[in-house]
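Colleague: pasting the sequence and the predicted model now:
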Amino acid sequence: AQKVTQAQTEISVVEKEDVTLDCVYETRDTTYYLFWYKQPPSGELVFLIRRNSFDEQNEISGRYSWNFQKSTSSFNFTITASQVVDSAVYFCALSPEAGTASKLTFGTGTRLQVTL
Amino acid sequence: NAGVMQNPRHLVRRRGQEARLRCSPMKGHSHVYWYRQLPEEGLKFMVYLQKENIIDESGMPKERFSAEFPKEGPSILRIQQVVRGDSAAYFCASSPLKWSEAFFGQGTRLTVV
């Protein structure tokens, strides 16, 4: 069985602070895919990133960066210099398939509140 | 190109009634996925459909729930004889190919009273 744990239910930061959202996963598959999604107040889920289990390189996209560590089964997400527009619920997800909506197992999400 | 459209956004049903949730995928997308988000929980996969075919329904409850994606028109998730435990947000996603990026709709919030 697959499981994703996001231990941080809610995080509150002041604008311009850096913030890291934790994600720990469990799977018996040797090939798997990890995802992060953002859910803004409008409700839809916005795809942020997909990594496969064979690619442990960290990735940076603007103010966003992801740290994939297979040894600790973690796929953490860092927002540098946070902004108010980053306020949302962030979900980490796991799938045995590459499709970004295929049989995803989601964590319970971390609500990020960025204030001025 | 409009995004994935789900309607209604909010739906209230009395126990025992039927709920019909509609999902119009993005133009050119023939793959549709339904997920359910119960309060305080993450989203859970329900079903994956291609036009006129159910590909994977391993996450669908065995009774009262059904889904279709006809050749013409939106995908429909149908819940018969709703119970309070069906109250949740139901999300739909679509993609042009199974392995390509999928886009989620804004969800339908079902409340059973």
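Modeller: That came in fine, so what should we check first? Residues are numbered from 1 along each chain as shown, chains lettered A, B, ... in the order given.
Colleague: pull up the distance across stretch A:106-116, start to finish.
Modeller: End-to-end distance of stretch A:106-116: 30 Å, with CA to CA, to the nearest Å as the criterion.
Colleague: now do the contacts for the closest residue to A:Ala98 other than its chain neighbours.
Modeller: Beyond its immediate neighbours in the sequence, the residue positioned closest to A:Ala98 (CB to CB, 6 or more residues apart in numbering or on different chains) is B:Trp99, lying 4.8 Å away. Using the backbone N, CA and C atoms, a C-beta is placed for each residue, glycine as well. Residues touching B:Trp99, when contacts are defined by CB atoms under 8 Å, 6 or more residues apart in numbering or on different chains, comprise A:Glu97, A:Ala98, A:Gly99, A:Ser102.
Colleague: and the furthest pair within the residues you listed?
Modeller: Taking every pair in the contacts of B:Trp99 and measuring CB to CB, the maximum separation is 7.4 Å, between A:Ala98 and A:Ser102.
Colleague: secondary structure, pLDDT and neighbour count added to the contacts of B:Trp99, as JSON lines?
Modeller: Output for the contacts of B:Trp99, formatted as JSON lines (DSSP: H, G, I helix; E, B strand; the rest coil; pLDDT from 0 to 100; neighbours: other CB atoms under 10 Å in any protein chain shown):
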{"residue": "A:Glu97", "secondary structure": "coil", "pLDDT": "77", "neighbour count": "17"}
{"residue": "A:Ala98", "secondary structure": "coil", "pLDDT": "74", "neighbour count": "14"}
{"residue": "A:Gly99", "secondary structure": "coil", "pLDDT": "71", "neighbour count": "21"}
{"residue": "A:Ser102", "secondary structure": "coil", "pLDDT": "76", "neighbour count": "21"}
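Colleague: who in chain B is up against chain A?
Modeller: Counting by CB under 8 Å from any CB of the partner chain, chain B comes close to chain A at B:3-4, B:9, B:31, B:33, B:35, B:40-45, B:48, B:56, B:58-59, B:89, B:91, B:93-95, B:98-107.
Colleague: give me the sheet partners of the worst-scoring helix or strand of chain A on mean pLDDT and which way each runs.
Modeller: Using mean pLDDT, DSSP states H and E, the weakest-scoring helix or strand in chain A turns out to be strand A:59-61, at a mean of 87. Using DSSP bridges, the strands paired with strand A:59-61 are strand A:64-69 (antiparallel).
Colleague: after the partner strand, next one along is what?
Modeller: strand A:74-79 (DSSP states H and E).
Colleague: got the angle between that next one and strand A:64-69?
Modeller: Orientation note: strand A:74-79 sits at an angle of 160 degrees relative to strand A:64-69 (axes from the mean of the first three to the mean of the last three CA atoms, to 10 degrees).
Colleague: just give me the neighbour total for the nearest residue to A:Asp22 once chain neighbours are set aside.
Modeller: Distance criterion CB to CB, 6+ apart; nearest residue to A:Asp22, sequence neighbours excluded, is A:Asn76 at 5.4 Å. In terms of burial, A:Asn76 registers 18 neighbours under the definition other CB atoms under 10 Å in any protein chain shown.
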